[in-house]
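Trainee: Test case, fold it:
(one chain, ligands or ions: 1)
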Amino acid sequence: MVGPRMEYPFFFTWTAQQAAKPVEMTGGEGAWFFTSDGGRWLDLGSLSYQVNVGHGNRRIVEAIKRQADALCLSSPSAVFPAKVALAEKLLAMAGPGYSKVFFTLSGAESNENAMKIARQVSGRYKMMSRYRSYHGASLGALSLTGDWRRVPFEPGIAGVVHVPDCYCDRCPFGKTLDTCQRECATHLGEVMRLEGPRSIAAVILEPVPGANGVLVPPPEYWPLVRKACDEEGALLIADEVLTGFGRTGKPFGFQHWDVTPDIITVAKGLASGYATIGAVIVHERVAKHFDAQVLACGLTYYAHPVACAAALETLAVYEDEGLYDNATRLGPVLRREVEAVAARLPGARPMVRGLGLLVALELEAPIERWARLSKELAARRLSLHVDGKRGTAIFAPPLCIGESEMVAGVRAFGDAAALAFGEA
Ligand SMILES: Cc1ncc(COP(=O)(O)O)c(C=O)c1O
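Mentor: Numbering: from 1, shown residues only. Below is the predicted model:
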């Protein structure tokens, strides 16, 4: 055991080092993780939204061990069974027409490589994304990112154009769902044309922006964006790093709508955190460009054998344990419970949005109240994503969570929130 220390010899991420409050993790099981002080935490956030299958899954651990015994390292250009089987499985999950996979180690790298592929195929350099988005912490992915994390690194890479969001609770065009003409999608098309005819290489969107508040689009949004991309000859990239692998109840978030992205980027739930792996899933109409042209992308640890084996077993666990169905079944329960919490709270109309096991509570309250909430949640050993700057708490439990433990967890959150914000 490490034990509590004042200082650690490494950086903590996305925080001033003095503000870091680490817990020492020792293991976990299902929707719970354990800490060295004897704590049992209910994980309502799947750590960083990656532990979709849940903690302590023995099948995945055993698959990793078997692969380490058989072949523990390989060359990026080598082939072995788990690499082939994983690519075939991802293509089958994506649907008809997808023909190639490019492997990465993370979500940021998936988006970097998707952007490079789009630039190589189109011969254009401009990229379009939205303001309330997060696409990763590398410089290119941060340039695509629209939220506050981009700002310290500006000017970033050249040619990224941001457009307003599909944020129906606070419509940037001043509309409501009843009165709007889906201006968020038509405006995106208009900006594409204004940027110069046929100048955008690709539009990259999260099917449902996750960390920025679970902004579920109306059903017409994605098909309208697809149409705008087709008119301008731009590729459409679905960033499924957070929404992929059942988070919204389907293998991929875009599958809620009648749309076929050209490129799909994944990571997080692909191996559910048991190994570091991501992927770029590419449609045949894009992939064929590289039959005779050099694909100028590569990584030393491309398709690491242990990571491929972990991912392959993870994908089998989703299916064998019915986890996509569990997310679909429990999604409305989660939403109902979070709505009950919202009804307890005071202030300017708390909002609840969600799809599958991805639900946000948005509330206007001073930052000190949100800090109090974080304290109350830690006291109750509840782990989830609370963001006082954006005024959101985001629920994204492992897909294996049981109904009663989830309901108890959200009700405990409600008690913590009532102490932090007061009662209506
Ligand atoms: C939508 C989305 N894209 C990309 C990333 C970056 O993934 P990674 O942290 O694995 O680089 C994240 C991480 O939270 C994400 O939510």
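Trainee: and the residue in the stretch 1-150 of the chain that the ligand sits nearest to, how many residues sit next to it?
Mentor: For the stretch 1-150 of the chain and the ligand, the shortest gap (CB to the nearest ligand atom) falls at Gly107, measuring 2.2 Å. For every residue, glycine as well, the C-beta is placed using N, CA and C. By the criterion of other CB atoms under 10 Å, Gly107 has 28 neighbours.
Trainee: Pro346 too?
Mentor: If you count neighbours by other CB under 10 Å, Pro346 ends up with 12.
Trainee: Distance-wise, check it relative to Glu376.
Mentor: For Pro346, the distance to Glu376 equals 16 Å [CB to CB, to the nearest Å].
Trainee: With Phe10 instead?
Mentor: 29 Å.
Trainee: okay, these two: which has more neighbours?
Mentor: Counted by other CB under 10 Å, Phe10 and Glu376 do not tie: Glu376 has more neighbours, with 18 against 6.
Trainee: gap between that one and the ligand?
Mentor: 25 Å (CB to the nearest ligand atom, to the nearest Å).
Trainee: excluding its backbone neighbours, what's nearest that residue?
Mentor: Ala416 (3.6 Å; CB to CB, 6 or more residues apart in numbering).
Trainee: neighbours around the nearest residue to Pro172 once chain neighbours are set aside, how many?
Mentor: Once flanking residues are discounted, Pro172 sits nearest to Pro164: 3.9 Å by CB to CB, 6+ apart. By other CB under 10 Å, 17 other residues sit near Pro164.
Trainee: need the contact list for the residue of the stretch 251-400 of the chain found nearest the ligand.
Mentor: Distance from the ligand to each residue of the stretch 251-400 of the chain (CB to the nearest ligand atom) is smallest for Ala267, at 4.4 Å. Counting by CB atoms under 8 Å, 6 or more residues apart in numbering, Ala267 makes contact with Gln50, Thr104, Ser106, Gly107, Glu109, Ser110, Val241, Ile277, Gly278, Ala279.
Trainee: Phe252 is in contact with Ala94, isn't it?
Mentor: Yes: using CB atoms under 8 Å, Phe252 is in contact with Ala94, at 6.8 Å.
Trainee: Now the common contact residues for these two.
Mentor: Jointly contacting Phe252 and Ala94 under the rule CB under 8 Å, 6+ apart are Ile264.
Trainee: Between those two, which is the more surrounded one?
Mentor: Using other CB under 10 Å as the criterion, Phe252 and Ala94 rank with Ala94 on top: 25 against 22.
Trainee: Quick check, pLDDT for Ala343.
Mentor: Predicted confidence (pLDDT) for Ala343: 94.
Trainee: Make sure it is indeed in a helix.
Mentor: Yes: counting by DSSP: H, G, I helix; E, B strand; the rest coil, Ala343 falls inside a helix.
Trainee: Number of residues surrounding Gly97?
Mentor: Neighbours around Gly97, by other CB under 10 Å: 12.
Trainee: give me every residue that touches it.
Mentor: Per CB under 8 Å, 6+ apart, neighbours of Gly97: Thr260, His283, Glu284, Arg285.
Trainee: any chance of the residues you listed in CSV, plus secondary structure and pLDDT?
Mentor: What follows is the contacts of Gly97, written out as CSV (DSSP: H, G, I helix; E, B strand; the rest coil; pLDDT from 0 to 100):
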residue, secondary structure, pLDDT
Thr260, coil, 98
His283, strand, 98
Glu284, helix, 98
Arg285, helix, 97
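Trainee: ranking those by neighbours, who comes first?
Mentor: Counting neighbours by other CB under 10 Å, His283 leads the contacts of Gly97 with 22 neighbours.
Trainee: Does that one touch Ile263 like I think?
Mentor: Yes: the criterion here is CB under 8 Å, and His283 meets it with Ile263 at 6.9 Å.
Trainee: pLDDT at the residue nearest to Val341 when sequence neighbours are not counted, what is it?
Mentor: The shortest distance from Val341 to any non-neighbouring residue, by CB to CB, 6+ apart, is to Gly414 (3.9 Å). With respect to pLDDT, Gly414 has a value of 97.
Trainee: Contacts made by stretch 400-418 with the rest, please.
Mentor: 30-31, 42, 44, 53-54, 321, 323, 326, 330, 333-334, 337-338, 340-341, 344-345, 357, 373, 376-377, 379-380, 382, 384, 393, 395, 397.
Trainee: Give me the subset of those residues lying in strands.
Mentor: Counting by DSSP state E, the part of these found in strands is Leu42, Leu382, Ala393, Phe395.
Trainee: farthest pair in those?
Mentor: The largest separation in the ones in strands among the contacts of stretch 400-418, counting by CB to CB, is between Leu42 and Ala393 at 14.0 Å.
Trainee: hmm, back to that, pull out the buried residues from the contacts of stretch 400-418.
Mentor: Listed as buried from those are 30-31, 42, 44, 53-54, 321, 323, 326, 330, 334, 337-338, 341, 345, 357, 373, 376-377, 382, 384, 393, 395, 397; burial here means 16 or more other CB atoms under 10 Å.
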